[in-house]
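Here is a sequence together with a model predicted from it:
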Amino acid sequence: MNKRKTILVAGGLGLLAILVIALTGGGSQKSLRRAADSLLAAESLHAKTELKINLPPRLGKADRPFTLISVLVEGDVQQADDATPELTGNLLLEARGRGNVFFADGETRILKDEVLFNLENLPVLLNPSGSLVKKWTRVETSLLKISNGEEVRQALTEVLANLANAGTEKVAGEKLTRFTGGLTAEQEERLFETLRQRSSGSPALHQIARLLSTNNVKSLDVWVVRGKKEIRRIAVQFVRPLSDGREIDLALLTFDFTDYGKEIAIDRPATALNARPEVFARVFGSGDLEEITLESP
């Protein structure tokens, strides 16, 4: 896989995870259902999303430049006036391989009608001119808005309804109840059809559909705060089935939610550059990437 392609697609996967805030439905367990309702109704909270990808060392006859990819997005989230989630926070991307270590970090705003980012670091290979570093760049795109919210909610509600109570665990000093389960092949197929961009209109949801199209969900776990009826963590483990019947752990996607109802102010920093939306769409859609053309706003 092309080095440029690998790290940028991984970055896109990290950004999409906040969508769970707007899409979580109910479950068969009363406390899980109430916690899901609290998450759905939350007008604001603090969210932390982490994606870890473990790729096979070889792609065909060639070595992969990167095998370990991690993406961390953390910040405050609130609903815009049209109920679209918006985020202000930070992102960290890291890709590791044999003799290769790349990372990028900085601030981001994911708004209802645009995405803004201000990177402190970005590999020279991805941006030889340095034009994307230490300045706010704007992409006119609606990353988190979806056109079939009810269909998505119904599909996810069906999945959560199958989760079973696995007992109480103490995590970071809190007593949490864990609900656990998996997805059937039919549920995975329905989610894929519902989440892909042709159905949802969302570049972010399309990334989850891409994961579902070539991998299986090994486990889905949800941790609920006892007494408060708040979802504290969601974890999804993806595995890649192999032709010989084995499978490899491919990706772990986790979401952490705290500070429900906190006061949040999301600003729109003045931007110095614009990235063309059609190029941004290629990164989130097919995974193909062309040179990013920049212009003054």
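Cool, got the structure. Residues are numbered from 1 along each chain as shown.

I'd assumed residue 177 was in contact with residue 163.
No - under the criterion of C-beta atoms under 8 Å, residue 163 lies out of contact with residue 177, with a separation of 10.9 Å. For every residue, glycine as well, the C-beta is placed using N, CA and C.

residues near residue 162, how many?
For residue 162, the tally of surrounding residues (other C-beta atoms under 10 Å) stands at 16.

What's the end-to-end length of stretch 132-140?
With C-alpha to C-alpha, to the nearest Å as the measure, the first residue of stretch 132-140 is 16 Å from its last.

Can you point out the buried residues in it?
For stretch 132-140, the neighbour count (16 or more other C-beta atoms under 10 Å) marks 132, 133, 136, 137, 138, 139 as buried.

Over to stretch 256-263?
Residues of stretch 256-263 classed as buried: 256, 257, 260 (neighbour count, 16+ other C-beta under 10 Å).

start to end distance for it?
Across stretch 256-263, the straight-line distance between its terminal residues is 18 Å, by C-alpha to C-alpha.

With stretch 186-204 instead?
Between the opening and closing residues of stretch 186-204 there is a gap of 22 Å (C-alpha to C-alpha).

ok, back up a step: nearest to residue 40 among the buried residues of stretch 132-140?
For residue 40, the nearest member of the buried residues of stretch 132-140 is residue 139. The distance, counting by C-beta to C-beta, is 27.7 Å.

outside of stretch 44-55, which residues touch it?
Outside stretch 44-55, the residues that touch it by C-beta atoms under 8 Å, 6 or more residues apart in numbering are 10, 13-14, 17-18, 21, 64, 66-79, 87, 89, 248-264.

what's near enough to touch residue 92?
Listed by C-beta under 8 Å, 6+ apart, the contact partners of residue 92 are 70, 71, 72, 73, 103, 104, 105.

how about 6 Å then?
Contacts of residue 92 were listed using C-beta atoms under 6 Å, 6 or more residues apart in numbering, and they are 72, 105.

For residue 237, see how far away it is.
Plainly put, residue 92 is 21 Å away from residue 237 if you go by C-beta to C-beta, to the nearest Å.

What of residue 73?
19 Å.

quick one, strands of the stretch 1-150 of the chain?
Defined through DSSP state E, counting those that start in this stretch, the strands belonging to the stretch 1-150 of the chain, from first to last, are 44-54, 58-59, 62-63, 68-79, 85-97, 100-110, 115-121, 137-139.

now those as JSON lines including distance to residue 206?
Putting the strands of the stretch 1-150 of the chain into JSON lines (distance: least, C-beta to C-beta, whole Å) gives the following:
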{"stretch": "strand 44-54", "distance to residue 206": "15"}
{"stretch": "strand 58-59", "distance to residue 206": "22"}
{"stretch": "strand 62-63", "distance to residue 206": "27"}
{"stretch": "strand 68-79", "distance to residue 206": "16"}
{"stretch": "strand 85-97", "distance to residue 206": "16"}
{"stretch": "strand 100-110", "distance to residue 206": "15"}
{"stretch": "strand 115-121", "distance to residue 206": "15"}
{"stretch": "strand 137-139", "distance to residue 206": "16"}
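
Worst mean pLDDT among the ones you listed?
Taking each of those in turn, the one with the lowest mean pLDDT is strand 58-59, at a mean of 75.
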